[in-house]
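**Student:** Sequence unavailable; structure follows:
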Ligand SMILES: [Zn+2]
Ligand SMILES: [Zn+2]
């Protein structure tokens, strides 16, 4: 540990970085001094224990930040300890500005979608708002988890340098014949024919019919269509063979017979 005596220039620079909320620079002046302490956890104002790998919401001004915590430190400033929390930033769908075709699918995301990025940022512990939960979206498929205000889901991580999702958008969970991204807040009904989950809104059933859902043997519109087409084809063949079938067979038999004869 080096004894801490900041030069006048350093002091000015430290104050400037604090004013500009450039905590990365600010903290760098205290590294390897006895004025900085790494923390395994911090107690929040609500007396909750906050630790690395947990997810949290911070608010600066009117802007909310959602982060996965990676590091926590305390710095002694004028005899008082100030807490700083570093985390990887989660992007919301609207934070991703890419006009490529495959990114159009992002418009089907909801306000509950978060994507962990490679961007990190320091926050003053006083701007901490609440702990949040971020779970993989497939955890909600069973329909047993109720989405509270502090609960979010994620479909992928986002690399801001490569502008790439992992897994890629075309592998994200999709149900129903409309091929929209899965949304845990929407109601789905299982088609007994194709085993696909169909949106209530795409089911072609009235609200009244859907209310008695347990009594419905549900077949989706696509399967109904397919069935009708099959029936049509089948009835076409039948019509053909009863009206004209036998004579055609005979006629063609005669011709081939005749050809062979020559
Ligand atoms: Zn649908
Ligand atoms: Zn179906």
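**Tutor:** That came in fine, so what should we check first? Fair warning: this is a prediction, and the values are worked out from it, not measured in the lab. Ligands and ions are numbered 1, 2, ... in the order given.

**Student:** the longest helix in this structure is where?
**Tutor:** helix 221-240 (DSSP state H).

**Student:** for the record, mean pLDDT for that one?
**Tutor:** Across helix 221-240, pLDDT averages out at 77.

**Student:** next one: stretch 61-76
**Tutor:** In the prediction, stretch 61-76 has an average pLDDT of 96.

**Student:** centre of the chain versus that stretch, how much separation?
**Tutor:** 22 Å (CA atoms, centre = their mean, to the nearest Å).

**Student:** Would you mind listing the buried residues in that stretch?
**Tutor:** Using 16 or more other CB atoms under 10 Å as the test for burial, stretch 61-76 gives 65, 66, 67, 68, 69, 72, 73, 74, 75. (C-beta placed from N, C-alpha, C; glycine too.)

**Student:** I figured the last one hits residue 34, correct?
**Tutor:** No. Judged on CB atoms under 8 Å, residue 75 makes no contact with residue 34 at a distance of 10.8 Å.

**Student:** Now render the buried residues of stretch 61-76 as JSON lines, adding distance to ligand 2 and secondary structure.
**Tutor:** Listed next are these as JSON lines, based on distance: CB to the ion, whole Å; DSSP: H, G, I helix; E, B strand; the rest coil:
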{"residue": "65", "distance to ligand 2": "43", "secondary structure": "strand"}
{"residue": "66", "distance to ligand 2": "37", "secondary structure": "strand"}
{"residue": "67", "distance to ligand 2": "42", "secondary structure": "strand"}
{"residue": "68", "distance to ligand 2": "39", "secondary structure": "strand"}
{"residue": "69", "distance to ligand 2": "44", "secondary structure": "strand"}
{"residue": "72", "distance to ligand 2": "51", "secondary structure": "strand"}
{"residue": "73", "distance to ligand 2": "56", "secondary structure": "strand"}
{"residue": "74", "distance to ligand 2": "59", "secondary structure": "strand"}
{"residue": "75", "distance to ligand 2": "61", "secondary structure": "strand"}
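
**Student:** Tell me the one of these nearest residue 205?
**Tutor:** Using CB to CB, residue 66 is the member of those that sits closest to residue 205, with 37.4 Å.
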